[in-house]
Every structure is written in C-alpha cells, then in structure tokens.
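**Student:** Sequence plus the predicted model coming up.
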Amino acid sequence: MQSNFASNPAQSMGRLHHENKSSFRDNFQRDRDRVIHCSAFRRLKHKTQVFVEHESDYYRTRLTHTIEVAQVARTIAGVLGLNSELTEAISLAHDLGHPPFGHTGEEALNSLMSEHSGFDHNAHALKLVTIIERHYAAFDGLNLSWETLEGIVKHNGPLVKEVPRYIEHYDNLHKLNLFDYASAEAQVAAISDDIAYNSHDLHDGLRAGLFSIEELASLPLLSECFQAVDKKYPQIDNYRRQHEALRCFLGMLVDDVLKEAQQTFAKLVPTSPDDFRKAGRQVISFSNELERNLDMIRSFLFERMYRAPSVLQMREKVTKIVKELFAAYTNDPNLMPQKWRKDISSVYSDADIVTLVCDYIAGMTDRFAISQYEKIMGKPIKMS
C-alpha cells in the first residue's frame with residue numbers, strides 16, 4: 001500500500017511535451033512501458049556487465065543486470081510504501097546510457113571526449129530518452145515524466161560538482177533541480193543497483209573460476225550465509241551451496257536497507273515526496289556496519305575480478321576497438337549510417353562531429369562494435 005510520501009503519478013510535474021492522459025495507465029506505468037519498448041533497452045541484451053557479451057551465455061549482461069535491479073527495487077519500494085512503478089521505470093532506465101564493453105567502454109569514451117566535456121553514462125541515458133530515440137510522431141525521445149528523468153539523472157545523488165554538458169543543456173529546457181536529492185524511489189533504484197551487482201558479480205566470478213567458494217566463505221557477511229546454509233543443508237552439493245549462500249547474501253542486503261530506511265522514516269516523518277528531496281542526505285542507504293563489511297567485499301571483487309589478468313587482457317582489446325572506431329568515424333563520418341550523417345546538420349548542428357561519433361559508438365552493442373571494427377579495419381580481432 002502506497003503512503004502519502006510516495007510519488008503520486010496524478011501529481012506528476014509532467015512531461016516536456018504535453019500529452020493526453022492514458023485511459024488505462026498512469027504516468028509512471030507509461031514511462032516504464034516506454035523504456036521497455038525503446039531500442040536502447042533491447043540493445044542492453046548484448047552489452048557487457050563485467051564479461052564481454054560473447055564470453056558465455058551464463059554471465060550477466062547489462063540487460064539481465066537491469067532486470068535484477070528492477071526486481072529488487074520493486075520489492076523494496078513495495079515494503080516501504082513507495083511508488084513501485086516509478087521505482088521500476090527508473091531502475092529499467094538507469095543503465096540505458098552505458099556504451100559497449102561496460103565501464104571499460106565508458107572510460108575509453110570519456111578519455112576520447114576529454115576536450116569536449118567527457119562522457120557520462122547518466123548524461124547519455126538522458127540524451128537517449130530525450131533526443132536520440134525517435135519513434136513518436138509528436139516528439140523526439142520518449143517524453144518521460146519529470147520524476148523519471150530526475151531519477152535517471154540524480155539517482156546517485158545531487159549534481160554538486162561539474163554537470164555534464166547535455167544534462168546542463170536539458171536542465172535549461174526542463175528544470176530537474178540538480179542540486180536537490182532525488183525522490184526516495186530513485187534512491188531505492190540506486191541502492192538496488194548496488195545490491196544486484198554485488199550479489200551477481202560474486203556468482204559470475206565463481207563461474208569464471210576467478211576465486212573459490214572457500215574464499216567467499218571467509219569474507220564478512222558471506223561467512224554467516226555459508227554457515228547458515230551448511231547447518232541447514234549439510235549434504236548439499238557445491239553448486240546449490242553457493243547459490244543458497246548468495247541468495248542469503250542478497251536477502252541480507254535487502255533486509256538491512258529496509259530496516260535502515262524504516263528507522264530513517266521514523267525520524268524524518270515524511271509527509272510528501274519532497275521531504276526526501278530536501279532531507280540533505282540520502283535517505284535510502286545501508287547501515288554503517290553493513291557498509292563497512294560490504295566495502296571489504298567490493299575490494300575483494302575489485303582485486304580478484306575487475307582486475308583479474310583475463311579481465312584486464314580483455315579490457316585492453318575492447319579499449320583498442322573503441323579508440324580505433326572513434327578515430328575512423330571522426331576522420332570519415334561517411335562510415336556512419338545515413339540517418340546519423342543527417343544529424344550533422346540538424347540535431348548536432350551546434351556540436352562537434354566528435355559528439356555525434358561518441359553518441360553513435362555509445363549506442364553500439366558489444367557484437368556490433370566488434371563487427372564494425374573488423375569491417376572498417378579489414379581484419380579480424382581475436383576476442384578469446
């Protein structure tokens with residue numbers, strides 16, 4: 001049951017372009033559905049989470065990660081009395097702006113765009129849903145409601161430092177109150193992202209053989225989970241054992257967020273969605289103790305998974321692909337599809353050609369980037 005401090009679709013700040021109300025969906029349900037049906041969402045299926053998309057059918061992709069985030073977020077929002085549809089819409093959209101090859105691709109594009117305000121996946125997600133997606137007759141983008149756009153831009157907190165150029169540009173058209181915190185629903189989406197990737201990266205790392213079950217069982221929080229599983233199921237096989245332990249771990253993270261939020265709500269006594277925006281801090285968070293333990297797990301993942309020799313080797317390959325594609329398209333924009341070349345004199349009339357190239361590459365899937373590299377360079381690249 002939603003509370004009086006949940007975001008109310010009937011009281012939405014509206015859309016940049018006016019639309020008549022739907023007869024069967026509220027504003028946030030409509031946003032969620034538009035995200036699911038957009039091209040950028042479908043392309044997440046073939047974009048890297050940690051391992052490049054072709055490496056195994058079992059590893060998470062950016063799409064399966066996004067679905068897991070949305071599932072966790074809906075659960076938390078429902079228990080806390082927040083708006084589940086808005087939470088889900090933000091969760092499903094939060095990674096739309098990721099380029100191919102995950103954070104490695106983002107780092108490469110950010111470096112290549114260093115003289116042009118850099119590259120930020122949240123800013124690119126905003127550009128996707130406000131300009132680049134072009135399916136509707138009346139407007140460019142998806143024309144999402146203010147609350148969903150706010151969540152895409154600010155789910156990780158207010159923008160108090162340098163504001164990415166496109167976010168600044170859009171904010172001049174449609175104020176998103178960049179210095180305030182986002183809604184509680186957006187904050188739930190953000191912490192659900194943490195919960196999902198910390199849980200599933202452990203699972204994928206085990207499958208990849210980057211560390212052992214015994215090593216996981218020695219880590220904070222996880223040691224409790226393995227002990228509980230071993231006590232309840234002493235004869236269980238290793239695969240089910242690790243699954244049950246990681247299932248316990250995810251539940252432990254969710255339970256901690258819920259307890260911490262309920263204590264915060266009791267102190268804050270919110271009566272409207274804006275009470276969260278004006279609270280002066282994130283109101284959806286882990287407890288201090290769990291955060292400390294989780295930092296140890298994050299450090300373990302960083303050293304043993306994100307910086308594993310096999311992962312670093314792949315990072316070098318995909319960085320080369322992104323940089324050489326960028327150079328090729330910048331030197332000869334005619335290598336891009338006709339509909340993108342048309343943008344040079346229309347949507348991108350005030351921007352350098354490099355911005356167009358960056359946006360084009362950012363929209364690629366892993367497999368398309370690899371195939372374009374091989375086509376343009378005239379040689380195959382060994383990815384395994």
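**Tutor:** Yep, it's here. Numbering: from 1, shown residues only.

**Student:** residues near Ala125, how many?
**Tutor:** Ala125 has 24 neighbours, counted by other CB atoms under 10 Å. No exception for glycine: its C-beta is placed from N, CA and C like everyone else's.

**Student:** ok but it is inside a strand, no?
**Tutor:** No. Counting by DSSP: H, G, I helix; E, B strand; the rest coil, Ala125 is not part of a strand but helix.

**Student:** got a list of what it touches?
**Tutor:** Ala125 is in contact with 93-97, 152, counting by CB atoms under 8 Å, 6 or more residues apart in numbering.

**Student:** Which of those sits closest to Ile284?
**Tutor:** For those, the closest approach to Ile284 (CB to CB) belongs to His94, at 14.1 Å.

**Student:** can you tell me which residues contact the closest one?
**Tutor:** Counted by CB under 8 Å, 6+ apart, His94 has contacts 66, 69, 125, 151-152, 155, 189-190, 193.

**Student:** for the record, mean pLDDT for stretch 74-85?
**Tutor:** Stretch 74-85 shows a mean pLDDT of 98.

**Student:** Alpha carbons of stretch 194-203, as PDB, please.
**Tutor:** The C-alpha coordinates for stretch 194-203 follow below in PDB (Å, rounded to 0.1, in the frame of the first residue of the first chain):
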ATOM      1  CA  ASP A 194      24.500  -1.900  -5.600                       C
ATOM      2  CA  ILE A 195      22.600  -4.900  -4.200                       C
ATOM      3  CA  ALA A 196      22.300  -6.600  -7.600                       C
ATOM      4  CA  TYR A 197      25.800  -6.200  -8.900                       C
ATOM      5  CA  ASN A 198      27.500  -7.100  -5.600                       C
ATOM      6  CA  SER A 199      25.400 -10.300  -5.500                       C
ATOM      7  CA  HIS A 200      25.600 -11.400  -9.100                       C
ATOM      8  CA  ASP A 201      29.300 -10.400  -9.700                       C
ATOM      9  CA  LEU A 202      30.200 -12.900  -6.900                       C
ATOM     10  CA  HIS A 203      28.200 -15.500  -8.700                       C
END
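
**Student:** Does Leu96 touch Arg42 like I think?
**Tutor:** No. Using CB atoms under 8 Å, Leu96 is not in contact with Arg42; the gap is 10.5 Å.

**Student:** Looking at those two, which is more packed in?
**Tutor:** More crowded of Leu96 and Arg42, by other CB under 10 Å: Leu96, with 28 against 12.

**Student:** Let's verify the more buried one: helix, strand, or coil?
**Tutor:** coil.

**Student:** Can you give me the pLDDT of it?
**Tutor:** 97.

**Student:** again with Asp57
**Tutor:** 62.

**Student:** mind listing the helices for the stretch 201-350 of the chain?
**Tutor:** 213-217, 222-232, 238-268, 274-277, 288-301, 309-331, 338-342 (DSSP state H, counting those that start in this stretch).

**Student:** Only the buried residues of stretch 73-85, if you could.
**Tutor:** For stretch 73-85, burial by neighbour count (16 or more other CB atoms under 10 Å) applies to 73-77, 79-80, 82-85.

**Student:** now swap in stretch 20-33 and tell me
**Tutor:** 26-33.

**Student:** Export the residues you listed as JSON lines, with columns for secondary structure and distance to Met383.
**Tutor:** Shown next, in JSON lines, are the buried residues of stretch 20-33 (DSSP: H, G, I helix; E, B strand; the rest coil; distance: CB to CB, whole Å):
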{"residue": "Asp26", "secondary structure": "coil", "distance to Met383": "44"}
{"residue": "Asn27", "secondary structure": "helix", "distance to Met383": "43"}
{"residue": "Phe28", "secondary structure": "helix", "distance to Met383": "40"}
{"residue": "Gln29", "secondary structure": "helix", "distance to Met383": "40"}
{"residue": "Arg30", "secondary structure": "helix", "distance to Met383": "40"}
{"residue": "Asp31", "secondary structure": "helix", "distance to Met383": "36"}
{"residue": "Arg32", "secondary structure": "helix", "distance to Met383": "34"}
{"residue": "Asp33", "secondary structure": "helix", "distance to Met383": "35"}
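
**Student:** tell me which of the residues you listed is nearest to Leu301?
**Tutor:** Using CB to CB, these come closest to Leu301 at Arg32, 30.1 Å.

**Student:** Look up how far Leu144 lies from the closest one.
**Tutor:** According to CB to CB, to the nearest Å, Arg32 and Leu144 sit 10 Å apart.

**Student:** try Ser39
**Tutor:** In terms of CB to CB, Ser39 sits 15 Å off from Leu144.

**Student:** Looking at the two, which one has more neighbours?
**Tutor:** Per other CB under 10 Å, whichever of Ser39 and Leu144 has more neighbours is Leu144, with 26 against 13.

**Student:** Hmm, Arg15 and that one touching each other?
**Tutor:** Yes. In terms of CB under 8 Å, Leu144 counts as a neighbour of Arg15; the distance is 6.9 Å.

**Student:** hmm, back to that, in helices, which of the buried residues of stretch 73-85 fall?
**Tutor:** If you go by DSSP state H, those have 73-77, 79-80, 84-85 in helices.

**Student:** follow-up on the earlier one: of the contacts of His94, which is the nearest to Arg298?
**Tutor:** Distances from Arg298 to the contacts of His94, taken by CB to CB, are shortest for Asp193, at 13.1 Å.

**Student:** The closest one: which element?
**Tutor:** Assessed by DSSP states H and E, Asp193 sits inside helix 184-207.

**Student:** which parts of that helix are buried?
**Tutor:** In helix 184-207, counting by 16+ other CB under 10 Å, buried: 184-206.

**Student:** In JSON lines: the buried residues of stretch 73-85, plus distance to Lys320.
**Tutor:** Formatted as JSON lines, those follow (distance: CB to CB, whole Å):
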{"residue": "Ala73", "distance to Lys320": "36"}
{"residue": "Arg74", "distance to Lys320": "39"}
{"residue": "Thr75", "distance to Lys320": "41"}
{"residue": "Ile76", "distance to Lys320": "40"}
{"residue": "Ala77", "distance to Lys320": "41"}
{"residue": "Val79", "distance to Lys320": "46"}
{"residue": "Leu80", "distance to Lys320": "45"}
{"residue": "Leu82", "distance to Lys320": "44"}
{"residue": "Asn83", "distance to Lys320": "44"}
{"residue": "Ser84", "distance to Lys320": "43"}
{"residue": "Glu85", "distance to Lys320": "42"}
